[in-house]
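Novice: Make a model of this:
(chains A, B, C and D)
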There are 2 protein chains.
Amino acid sequence: MARTAADTTDTTQPQGRIRRENVERILKAAERVFAEAGFAGATMADIAERAGLPKANLHYYFGTKDDLYRAVLDNILQMWLAPIGSFTPDADPAATLTAYVTAKMEASRTRPHASKVFANEILHGGTQVERFLAEDLKALVDAKAAVIDGWVAAGRMAPVDARQFLFMIWAVTQHYADFDVQIRKVLGRRTLTRQDFAAMTAEVLRLVLRAAGLPEAQIPEPQIADSETPTDSVLSNL
Amino acid sequence: MARTAADTTDTTQPQGRIRRENVERILKAAERVFAEAGFAGATMADIAERAGLPKANLHYYFGTKDDLYRAVLDNILQMWLAPIGSFTPDADPAATLTAYVTAKMEASRTRPHASKVFANEILHGGTQVERFLAEDLKALVDAKAAVIDGWVAAGRMAPVDARQFLFMIWAVTQHYADFDVQIRKVLGRRTLTRQDFAAMTAEVLRLVLRAAGLPEAQIPEPQIADSETPTDSVLSNL
DNA sequence: GTCTATAGCTCGATAGAC
DNA sequence: GTCTATCGAGCTATAGAC
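Specialist: Numbering: from 1, shown residues only, chains lettered A, B, ... in the order given. All right, here's what the predicted structure looks like:
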């Protein structure tokens, strides 16, 4: 008990390395299990098994199931806001939106579990992220909406309600992570490949830029190598 | 036991009316509790309390928690496909899309719990709706995508990937039900009124029609009475 | 057909040996 | 710092009185 506090701060010692590795393993396993089963559906035993550790160790490192869940969420929220940083008054709207949508689609491809944990949390009331939503996220949206309003006022893009335009981008890009099962079943595919995501990203960009009244010419074509996906990208699937 | 089977079919008897009413109360309560807590987080006691019935009655009518959940889902899936029916080759693209988006937004406003139950099911793997997705929904999407492809080929709307265009509409419209907590917190609002939804629907329509390359002139203005929402619709919220 | 009381089980959490 | 063994809360489901 006396050592626990010391180990937490003193991460330079050999024990600190093991602690950090175990914490990392547990967080990664927890993110996946919470994504697949939700908070209530996830069990500490499932998480322990996926992390390759005894159940008691989870409680040793994180105390309660609630504490572990909050740690997973904190991890996710931290990265959630990052990619929107490039919205600045002087930036080019088409280039900025292209970069942002691409980053969001890439997040849906590489960290689908994070998106699902967040979606699940919001879906069920978001009690654990109330402050994040009402303070951090609201402040960010206010700031970025002002940038978009500026672009609209300057005639650099079509008139849009800035906040709803951001909601639309979130809804569409996160949909590819959160509803992947539906997308795969409807398209008749077992998995969505990197090439599929490149094609889907290009189409999302086309729709978003058109909705923003920006010329399609500014969209970089994805250039999918035909060698890897013989003839059928997800866009010509049937 | 002998009577149970009889009652199920013979709904004209006095007992049939009580049964139907109780089943209805339970389904309605269950939809709400499953939406708020997810399948695993919902308890039969919660559902019973909200339905105003003893817990044992739920098991009398529906057997197991799984059976009740499937009944709730079946209810939802049935209405899920209805509003897309008006996609026909000869229909006007702008009018059809306007009606469809409006119907989807209206569903998000009036039956948010249904949307959340479905979202939760998909989010966690969709094992209970696999056949629905791979058969009914896929067939419907194939048919409607063909209609959209026809519109595009005839030059009646801008070129889009029909399936992804449908995904975009679903993602955006359902977002207003599934992520209502986030939307409210970011906009700094306690509730979303009917007027808010009218304004949000108009903006979604504007974005969707622009993405489809259709003239905005064809969008019916929502005409929100200023008397009820003094000056600030959700679109001029800050 | 309705409801109370409870059996049986799963899971979060912890005591205590190592 | 690690892990096994187990306690106890809370849940689904049902038996059995009415």
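Novice: Pull the contacting residues for residue A:84.
Specialist: For residue A:84, the contact set (CB atoms under 8 Å, 6 or more residues apart in numbering or on different chains) comprises A:100, A:140, A:144. To be clear about C-beta, it is placed using only N, CA and C from the backbone, and glycine gets the same treatment.
Novice: do you know how far it is from residue A:136?
Specialist: 12 Å (CB to CB, to the nearest Å).
Novice: Find the nearest non-adjacent residue to residue A:163, please.
Specialist: residue A:145 (5.2 Å; CB to CB, 6 or more residues apart in numbering or on different chains).
Novice: Check the contact between the one you found and residue A:160; I expect there is one.
Specialist: No: the pair residue A:145 and residue A:160 does not pass the contact test of CB atoms under 8 Å, sitting 10.0 Å apart.
Novice: Can you check what angle separates the strand or helix carrying residue A:205 from helix B:194-211?
Specialist: Assessed by DSSP states H and E, residue A:205 sits inside helix A:194-211. Here the directions of helix A:194-211 and helix B:194-211 differ by 110 degrees (axes from the mean of the first three to the mean of the last three CA atoms, to 10 degrees).
Novice: Quick check: buried residues in stretch A:98-112?
Specialist: Across stretch A:98-112, burial judged by 16 or more other CB atoms under 10 Å in any protein chain shown covers A:98, A:100, A:101, A:102, A:103, A:104, A:105, A:107, A:108, A:109, A:111, A:112.
Novice: what's in contact with it?
Specialist: Contacts of stretch A:98-112 (CB under 8 Å, 6+ apart): A:35, A:79, A:83-84, A:86-87, A:114-115, A:169-170, A:173-174, A:176-178, A:180, A:192, A:194, A:197, A:200-201, A:204-205, A:208-209, A:218-220.
Novice: Flag the shaky bits of chain A, pLDDT-wise.
Specialist: A:1-15, A:216-238 (pLDDT under 70).
Novice: can you list the domains in it?
Specialist: According to automatic domain parsing, chain A comprises the domains A:2-70, A:81-213.
Novice: ok so, going back, what about the residue nearest to residue A:163, distance to residue A:152?
Specialist: For residue A:145, the distance to residue A:152 - CB to CB - is 10 Å.
Novice: what's the closest non-adjacent residue to the residue minimising distance to the centre of chain A?
Specialist: Centroid-nearest residue in chain A: residue A:115, 4.3 Å away (criterion: CA atoms, centre = their mean). Nearest residue to residue A:115 in three dimensions, chain neighbours excluded: residue A:177, at 3.8 Å (CB to CB, 6+ apart).
Novice: Now do the contacts for the one you found.
Specialist: A:107, A:108, A:109, A:111, A:112, A:115, A:116.
Novice: Of the residues you listed, which belong to strands?
Specialist: If you go by DSSP state E, the contacts of residue A:177 have nothing in strands.
Novice: Tell me the one of these nearest chain B?
Specialist: Among the contacts of residue A:177, residue A:116 lies closest to chain B (CB to the nearest CB), at 5.6 Å.
Novice: isn't the closest one right up against residue A:175?
Specialist: No: using CB under 8 Å, residue A:116 is not in contact with residue A:175, being 11.5 Å away.
Novice: For these two, indicate the residue with more neighbours.
Specialist: residue A:116 (27 against 23; other CB atoms under 10 Å in any protein chain shown).
Novice: could you measure the more buried one against residue B:122, distance?
Specialist: For residue A:116 relative to residue B:122 (CB to CB), the value is 10 Å.
Novice: Now for these two: what residues contact both?
Specialist: With CB under 8 Å, 6+ apart as the test, residue A:116 and residue B:122 both reach residue A:178.
Novice: Mind naming the longest helix for chain A?
Specialist: Counting residues, the longest helix found in chain A (DSSP state H) is helix A:14-41.
Novice: and that helix with helix B:14-41, angle?
Specialist: Using the same axes, to 10 degrees: helix A:14-41 against helix B:14-41 is 170 degrees.
Novice: so does helix A:14-41 get close to chain B?
Specialist: Yes: using CB under 8 Å from any CB of the partner chain, helix A:14-41 reaches chain B at A:36, A:37, A:38, A:39, A:40, A:41.
Novice: Compare these and tell me which is most surrounded.
Specialist: If you rank these by neighbour count (other CB under 10 Å), residue A:38 sits at the top with 23 neighbours.
Novice: quick one: that residue and residue B:124 touch, right?
Specialist: Yes: between residue A:38 and residue B:124 a contact is recorded at 6.0 Å, counting by CB under 8 Å.
Novice: Common neighbours of those two, please.
Specialist: A:120, B:38, B:39.
Novice: Chain neighbours aside, what residue packs nearest to the second one?
Specialist: Excluding the flanking residues, the one nearest residue B:38 by CB to CB, 6+ apart is residue A:38, at 4.7 Å.
Novice: contacting residues for the one you found?
Specialist: A:120, A:124, B:38, B:39, B:40, B:41, B:120, B:123, B:124.
Novice: So the first one sits against residue B:120, correct?
Specialist: Yes: with contact taken as CB under 8 Å, residue A:120 and residue B:120 are classed as touching, separated by 7.4 Å.
Novice: hmm, back to that, tell me, what's touching residue A:145 and residue A:152 both at once?
Specialist: Common neighbours of residue A:145 and residue A:152 (CB under 8 Å, 6+ apart) are residue A:162.
Novice: Residue numbers of chain A in contact with DNA strand C?
Specialist: A:42, A:43, A:44, A:45, A:55, A:56, A:59, A:63, A:64, A:65, A:66 (CB under 7 Å from any atom of the strand).
Novice: How many neighbouring residues does the second one have?
Specialist: Applying other CB under 10 Å, we find 14 other residues in the vicinity of residue A:43.
Novice: and the gap between it and residue B:65?
Specialist: According to CB to CB, residue A:43 and residue B:65 sit 17 Å apart.
Novice: do the same with the last one
Specialist: Between residue A:66 and residue B:65 the distance is 24 Å, computed by CB to CB.
Novice: Settle it for me: which of the two has more neighbours?
Specialist: A direct count of neighbours by other CB under 10 Å for residue A:66 and residue B:65 places residue B:65 higher, at 18 against 11.
Novice: Could you pull up the residues touching the residue nearest to that one when sequence neighbours are not counted?
Specialist: Once flanking residues are discounted, residue B:65 sits nearest to residue B:44: 5.8 Å by CB to CB, 6+ apart. Residues near residue B:44 by CB under 8 Å, 6+ apart: B:55, B:58, B:59, B:65, B:68.
Novice: just to revisit the earlier point, next step: the contacts of residue A:177 restricted to helices.
Specialist: Checking the contacts of residue A:177 against DSSP H, those in helices are A:107, A:108, A:109, A:112, A:115, A:116.
Novice: Which members of the residues you listed are the farthest-apart pair?
Specialist: Greatest spatial distance in the ones in helices among the contacts of residue A:177: A:109 and A:116, 13.1 Å, computed using CB to CB.
Novice: From what I see, residue A:22 and residue A:52 are in contact.
Specialist: No: at 9.8 Å, residue A:22 does not count as touching residue A:52 under the criterion of CB under 8 Å.
Novice: which one of those two has more residues nearby?
Specialist: Higher neighbour count among residue A:22 and residue A:52: residue A:22, with 17 against 11, using other CB under 10 Å.
Novice: list the contacts for that one?
Specialist: A:51, A:53, A:57, A:61.
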